[in-house]
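# Using only what follows, build the 3D model:
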Amino acid sequence: MSGPATNAEASDKSEPEMSRPGADSATEPEATGADARDYPGEVRILELDGRRIVLVGTAHVSRGSVDLVRRVIRQEKPDRVCVELDQRRYDALSNPQDFAQLDLKEVIRRKQLTTLMVNLFLGAYQKRLGAELGVQPGQELMEATKVAEEMGLPIELCDRDVRVTLRRATHATPFFRRLWLLAEMIASIFDAPEISEEDLEKLKEQDVLNELMNQLGEQHPALKRVLIDERDAYLSHKIAQAEGDSLVAVVGAGHLHGIVEALEARREADLETLDQIPPLSHWWKVAGWGIPALILGGIAWIGYRQGIAEAGDNLLFWTLANGIPASLGALLAWAHPFTILAAFVAAPITSLTPVIGAAYVTAFVQAWVAPPKVAEFQSFSDDVGSVKMWWKNRLLKIFTAYLLPGLGSMIGSVVGGGKILASLFGG
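Modelled structure (predicted):
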């Protein structure tokens, strides 16, 4: 198994590698008397098929959750400890300094920059909340692995790979809804609400959580399905498959209800399906190649029917309509001059192919000519909440050099395409 090394490897039990959990429950059997060990309501004790499973629902920025996790594991002395982490998140929390060694150009080549941005923005938001409460995001999960290692207990990483979750969420969310959600996420970083430890404890109460989950389902049903429902199924399956007659599973309080429900119903999940990245929609493929074909075909037809000069005028308009807004976006990002030039050159070309967008070109050039320093990676969570630092921190500047030229190119494609269609059907 790959996963956190523990001195439990000396035992005969193998340690499978796994991924992440969370939530709250209404259907859990009541644990009373000595068996309840005076645990608070966010601890659920299940006796299933001769096995004892203790689920601990936590808030990822709560000092109380850290203490509760430590207490439950030490009191239960389970055969195995399951945590809501995948290998990538575990490595990131264990060695945060490794983030500074990230090869951004490779991330951009693989078209994973949006995924990285979402991860960093969410992490920065949690870190700001955690700073107010004196605890780092995910500390309760790492505390679970730390206590397990101290006690010589095997550790099970039970969450799905975060990259798969984010890509499935992206695939399930309409394009313009994605833009809106990204804008909301960035705005929330500049206006993180103050929240007390007492507020966090209230949020872990069952009725409050159920209401929040219902609201998410109403407003963003696709996101709820991927971020909550699918991961409830994934986590419950991993926990059920973990070896040992007694388990402690540390999960986010928002997943607790779904996990308890799935475990009690003995539901099994198809992990192979849940780990798949859905292919691009057939209609997106048609649009991706059909729109460029329409633009190029339209220019050719204009040349045939109205003359080469008219076709040249339309081609020039397309070039300027794409290049100018994209390069203005790079200029607004205060990007390197090479990035501004790349935006102007790339936008008219990349808009005619679905293979790569102008945003990836400008981000790559910016990362190449002005790579972030180690200190800028380390200060990201603090800098992201300051407007002026978006133009000073080189990592943030790469993000702005990705977002603004991409937006400019999108606007230019609409304007340029409209002009060509007008000439095509008006001429």
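# ok, now how distant is residue 325 from residue 416?
10 Å (C-beta to C-beta, to the nearest Å). Quick note: C-beta positions are derived from backbone N, CA and C, even for glycine.
# residues of the helix or strand hosting residue 235 that come out buried?
Using DSSP states H and E, the element containing residue 235 is helix 230-241. Residues 230, 231, 232, 233, 234, 235, 236, 237, 238, 239, 240 are the ones in helix 230-241 that count as buried (16 or more other C-beta atoms under 10 Å).
# Over to stretch 312-325?
Those would be 313, 314, 315, 318, 319, 321, 322, 323, 324, 325, for stretch 312-325 by 16+ other C-beta under 10 Å.
# Show the pLDDT at the first one.
You'll see residue 313 listed with a pLDDT of 91.
# Mind jotting down where the strands sit in this protein?
43-48, 51-58, 80-83, 155-157, 246-252 (DSSP state E).
# Deepest-packed of those strands, please.
strand 80-83 (a mean of 29; mean count of other C-beta atoms under 10 Å).
# what residue ranges in the stretch 201-350 of the chain are flagged as low confidence?
For the stretch 201-350 of the chain, the stretches flagged by pLDDT under 70 are 201-219, 280-288.
# quick one: contacts for residue 336?
365, 366, 369, 370 (C-beta atoms under 8 Å, 6 or more residues apart in numbering).
# mind listing what the nearest residue to it once chain neighbours are set aside touches?
Nearest non-adjacent residue to residue 336, counting by C-beta to C-beta, 6 or more residues apart in numbering: residue 369, 4.6 Å away. Residue 369 makes contact with 336, 338, 339, according to C-beta under 8 Å, 6+ apart.
# ok, now how distant is residue 369 from residue 221?
Residue 369 is 42 Å from residue 221, by C-beta to C-beta.
# related to what we said a few turns ago, quick check, nearest of the buried residues of stretch 312-325 to residue 70?
Distance to residue 70, by C-beta to C-beta, is smallest for residue 325 among the buried residues of stretch 312-325, at 54.2 Å.
# For residue 393, see how far away residue 255 is.
33 Å.
# do residue 152 as well
For residue 152 relative to residue 393 (C-beta to C-beta), the value is 43 Å.
# Neighbour count for the two, which is higher?
Using other C-beta atoms under 10 Å as the criterion, residue 152 and residue 393 rank with residue 393 on top: 23 against 12.
# Show me what the nearest residue to residue 245 once chain neighbours are set aside bridges to in the sheet.
Nearest in space to residue 245, with sequence neighbours left out and distances taken as C-beta to C-beta, 6+ apart, is residue 51 at 5.3 Å. Residue 51 has these beta-bridge partners by DSSP bridges: residue 48.
# Just to check, residue 51 is in contact with residue 242?
No - when contacts are counted by C-beta atoms under 8 Å, residue 51 is not listed as touching residue 242 (9.6 Å).
# which of the residues in the longest helix seen in the chain are buried?
Identified as the longest helix of the chain according to DSSP state H is helix 394-426. Across helix 394-426, burial judged by 16+ other C-beta under 10 Å covers 394-413, 415-417, 420, 423-424.
# Quick check: residue 261 vs residue 44, distance?
11 Å.
# same thing with residue 395?
Counting by C-beta to C-beta, the gap from residue 395 to residue 44 is 40 Å.
# What of residue 225?
In terms of C-beta to C-beta, residue 225 sits 23 Å off from residue 44.
# go on, residue 243?
From residue 243 to residue 44 the distance is 20 Å (C-beta to C-beta).
# From the chain's centroid, how far away is stretch 318-330?
30 Å (C-alpha atoms, centre = their mean, to the nearest Å).
# what's next to that stretch, contact-wise?
Against stretch 318-330 from outside (C-beta under 8 Å, 6+ apart): 295, 299, 339-348, 351, 358, 362, 401, 403-409, 411-413, 415-417, 419-420.
# I'd assumed residue 162 was in contact with residue 112.
No - the criterion here is C-beta under 8 Å, and residue 112 misses it with residue 162 at 11.4 Å.
# who's more crowded, those two?
Neighbour totals were compared for residue 112 and residue 162, and residue 162 leads with 20 against 15 (other C-beta under 10 Å).
# ok, the more buried one - contacts?
Residues in contact with residue 162 (C-beta under 8 Å, 6+ apart) are 20, 86, 88, 89, 119.
# 10 Å - rerun?
Applying C-beta atoms under 10 Å, 6 or more residues apart in numbering to residue 162 gives the contacts 19, 20, 85, 86, 87, 88, 89, 92, 115, 118, 119, 122.
# Just the pLDDT for it.
83.
# residue ranges for the helices of the stretch 301-427 of the chain, please.
Counting by DSSP state H, counting those that start in this stretch, the stretch 301-427 of the chain has helices at residues 308-332, 337-350, 358-369, 374-378, 380-383, 394-426.
# hang on, the earlier thing: which residues are in contact with each of residue 325 and residue 416?
347, 409.
# ok, residue 311 touching residue 295?
No - the criterion here is C-beta atoms under 10 Å, and residue 311 misses it with residue 295 at 11.9 Å.
# who touches both of those two?
residue 420.
# Can I get the buried part of the contacts of residue 162 as one ChimeraX selection?
Selection of the buried residues among the contacts of residue 162 in ChimeraX, burial being defined by 16+ other C-beta under 10 Å:
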select :19,20,85,86,87,89,92,115,118,119,122
